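here is my input; please provide its structure:
(one chain, ligands or ions: 2)
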Amino acid sequence: MNDNFCWWRDGIIYQIYPRSFADSNGDGIGDLQGIISKLGYLNELGIDAIWFSPFYPSPEIDFGYDISNYLDVDPRFGTLADFDELITTAHTFGIRVVLDMVANHTSDQHAWFIESRSSRENPRRDWYIWKDGAGSGRPPNNWKSCFGGSSWEYDACSRQYYLHTFATQQPDVNWRNPQLRKALLDVFRFWLDRGADGFRLDVFNAYFKDEHFQNNPGQLGLRDYDQQKHIHDMDQPEMIPLLQELRTLMDEYPERYTVGEIFLPTPEKTVHYTGNDLLHAAFSSDLIESELIFPWSAGWVAQKINKRDNLFDSAGIWPTTMLSNHDKPRTASRYVKGENDDQAFTAMAVLLTVRGTPFIYYGEEIGMRNISLKRNEIMDPPGQKYWPIYQGRDGFRSPMQWRDAPFASFSTTKPWLPVHSNYHQRNVASQQENPQSLWNFTRQLIALRRAYPALRRGSFHIFFRTDTGVMAYERKLDEQRILVCINFSSSMRQVEFIPDADPKLAAILISSAGRKDFYTSHNQFMLNPHEVLLLELKPGMV
Ligand code: GLC
Ligand code: CA
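Ligands and ions are numbered 1, 2, ... in the order given. The predicted structure follows:
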């Protein structure tokens, strides 16, 4: 079987939120040396790459997504030498490193913005988006900021407004300016030359705005940001040639990768921005989109996956699968109240056995839960702004739970965000010891995915009615056939075996219910509540 393992297609990418992963120097904040000390752990889990959220110097209004210097490491996280060590050590383990590139905006403390703001005549004025107001104290147009209020901020000194899609301290850069464009593309080159294997492009589809600054039309929505259709402040045609230019740059280096974070994502936008001369991949909403109403059911998941696969296959696009990240509630907290992990197993099975590159968010492998914070503990800007309608993202950024020791052994001091109180039971060390834990299940699935190309590259075909609460599908590549059966429901379910195979040829690869034998009666078999069962169909004797 031809198995050209390509790290970003076949591999698994693990997202680290650096502030919260491991603190090496006891200041309560995770850092690069902390990450280095855990690379052995990640290798043991079996992942192929890490993507980590920004570590560049930042005033941390948006915890690193407001960069004040693209070419350095924030002293809280370490030094450039630590970064180099991280790359070298990761590569020794065969782990690739994907950086988060935030290039829609900088911090207002970035030297470029300080200059740009200093006067209308400054050579860097046009590196940001400055406009006159619409008269009588009104901003240039009706665009809203994702973090609340108008996206225009008045600068009294130069008597113009600048644009900020996010916080006021995150001014949007002007990608139409050739010098700015070059300066930012040079930033990519800087990190590529230092050994970075790829980039996650933060909200890249917002880089360009309508050149005539037309008002966005209104629509119904909860927050003022949702009360308009964002047709003029994102997804502009100029993005495609820029992606082509970036891809040409990336292709000068071997085996590099770009994955785009699409702002207000849809599968259709993913198709639009991905391709051989565009991005390698882009996140689509699929399974992450609705945090309020997320009906974790076989029918819903199947419908999402089918839609995406149909669309992507015909366009020749490789999907990514993600269930949570630093912007979205933790997987386990979305589907269950309390500490029961049944649904966390079904979720992990979906993540690791459908088509597409899986992205695991740190702690997802032990089923970490959201923490809840009081009003005065909220650190995240949109949480502060929209409380209590929206409480921000701190809840899913809490420190990694390593062991049952003070502060879950994340740090020796009180961490920047509280550790979840469940850490005495829910931690890496205890789950590693327990063969039935989510951690061990995750590790085994990762190993199976690596061992069976069909699980990575194979076709995807659902062979049983999903309205029963079961998602049963075949992954097939050449002769290799794997059946994945996931019971989303909390009761036993009868499933029809795949019609074109002999059940006697089925061998168990893994069962979350610990079953040892597989047998059918009249071509039917029973799945235990919430069971995940993977079978290999051995080629039959003819
Ligand atoms: C992206 C990041 C998010 C950040 C925003 C502004 O959506 O994932 O964390 O707040 O961009 O940079
Ligand atoms: Ca630290």
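
could I get the full set of helices for the stretch 151-300 of the chain?
Secondary structure of the stretch 151-300 of the chain (DSSP state H, counting those that start in this stretch): helices at 178-193, 239-250, 267-273, 298-315.

how far off centre is the longest one?
Spelled out, it's helix 298-315. Distance of helix 298-315 from its chain centroid, counting by CA atoms, centre = their mean, to the nearest Å, is 19 Å.

packing partners of it?
The contact analysis (3 or more CB pairs under 8 Å, 6 or more residues apart in numbering; DSSP states H and E) places helix 298-315 against helix 267-273, strand 459-462, strand 470-477. The C-beta positions use only the backbone N, C-alpha and C, and glycine is treated the same way.

who is the residue nearest in space to the middle of the chain paired with across the strands?
Nearest to the mean C-alpha position of the chain, by CA atoms, centre = their mean, lies N325 at 4.7 Å. Beta-bridge partners recorded for N325 (DSSP bridges): K328.

surely it meets Y362?
No - N325 lies out of contact with Y362 (CB atoms under 8 Å); the separation is 9.8 Å.

joint contacts of the two?
Residues touching both N325 and Y362 by CB atoms under 8 Å, 6 or more residues apart in numbering: Q15.

give me the neighbour count for whatever residue of the stretch 101-250 of the chain ends up closest to ligand 2.
Of all residues in the stretch 101-250 of the chain, S107 sits closest to ligand 2, at 20.7 Å by CB to the ion. For S107, the neighbour count with other CB atoms under 10 Å is 26.

can you check F5 too?
12.

would you confirm that F345 contacts S512?
Yes - look at F345 against S512 with CB under 8 Å: they come within range, at 5.0 Å.

what is in contact with these two at once?
441, 530, 532.

can you redo these as CSV with secondary structure?
Output for the shared contacts of F345 and S512, formatted as CSV (DSSP: H, G, I helix; E, B strand; the rest coil):
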residue, secondary structure
F441, helix
H530, coil
V532, strand
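
quick check on these: which are buried?
441, 530, 532 (16 or more other CB atoms under 10 Å).

list the contacts of the first one.
For F441, the set of contacting residues under the criterion of CB under 8 Å, 6+ apart consists of 345, 348, 510, 512, 532.

so which of those residues are in helices?
345, 348 (DSSP state H).

now, which of the contacts of F441 sits nearest ligand 1?
Among the contacts of F441, M348 lies closest to ligand 1 (CB to the nearest ligand atom), at 22.4 Å.

could you identify which of the helices and strands packed on helix 298-315 is most buried?
Greatest average neighbour count among those goes to strand 470-477 (a mean of 22), per mean count of other CB atoms under 10 Å.

now do that one against helix 298-315, angle only.
30 degrees (axes from the mean of the first three to the mean of the last three CA atoms, to 10 degrees).

what lines up beside strand 470-477 in the sheet?
Per DSSP bridges, strand 470-477 is paired in its sheet with strand 459-462 (antiparallel), strand 480-487 (antiparallel).

now these in TSV, with distance to ligand 2 and mean pLDDT?
Output for the strands paired with strand 470-477, formatted as TSV (distance: least, CB to the ion, whole Å; pLDDT from 0 to 100):
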stretch	distance to ligand 2	mean pLDDT
strand 459-462	42	96
strand 480-487	39	98
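
any chance of TSV for those, columns distance to R308?
Converted to TSV, the strands paired with strand 470-477 look like this (distance: least, CB to CB, whole Å):
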stretch	distance to R308
strand 459-462	10
strand 480-487	17
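
and these as TSV, adding distance to ligand 1?
TSV is the format used below for the strands paired with strand 470-477 (distance: least, CB to the nearest ligand atom, whole Å):
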stretch	distance to ligand 1
strand 459-462	28
strand 480-487	29
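
now do the SS call for the closest residue to ligand 1 within the chain.
Here the chain gets closest to ligand 1 at one residue, Y65, 3.4 Å apart by CB to the nearest ligand atom. When classified by three-state DSSP, Y65 comes out as coil.

what number of residues lie near the nearest residue to it once chain neighbours are set aside?
Nearest in space to Y65, with sequence neighbours left out and distances taken as CB to CB, 6 or more residues apart in numbering, is V102 at 5.3 Å. For V102, the count of nearby residues is 26 (other CB under 10 Å).

now V102: phi and psi?
Here is the backbone geometry of V102 (degrees, to the nearest 10): phi -100, psi 100.

cross-check the contact I'm expecting between it and D202.
Yes - between V102 and D202 there is a contact under CB under 8 Å: 4.2 Å.

any shared contact partners between these two?
With CB under 8 Å, 6+ apart, V102 and D202 have common neighbours Y65.

which non-adjacent residue is nearest the residue of the stretch 251-400 of the chain found nearest ligand 2?
The minimum distance from the stretch 251-400 of the chain to ligand 2, using CB to the ion, falls at P399 (11.2 Å). The shortest distance from P399 to any residue other than its chain neighbours is 3.8 Å, reached at F410 (CB to CB, 6+ apart).
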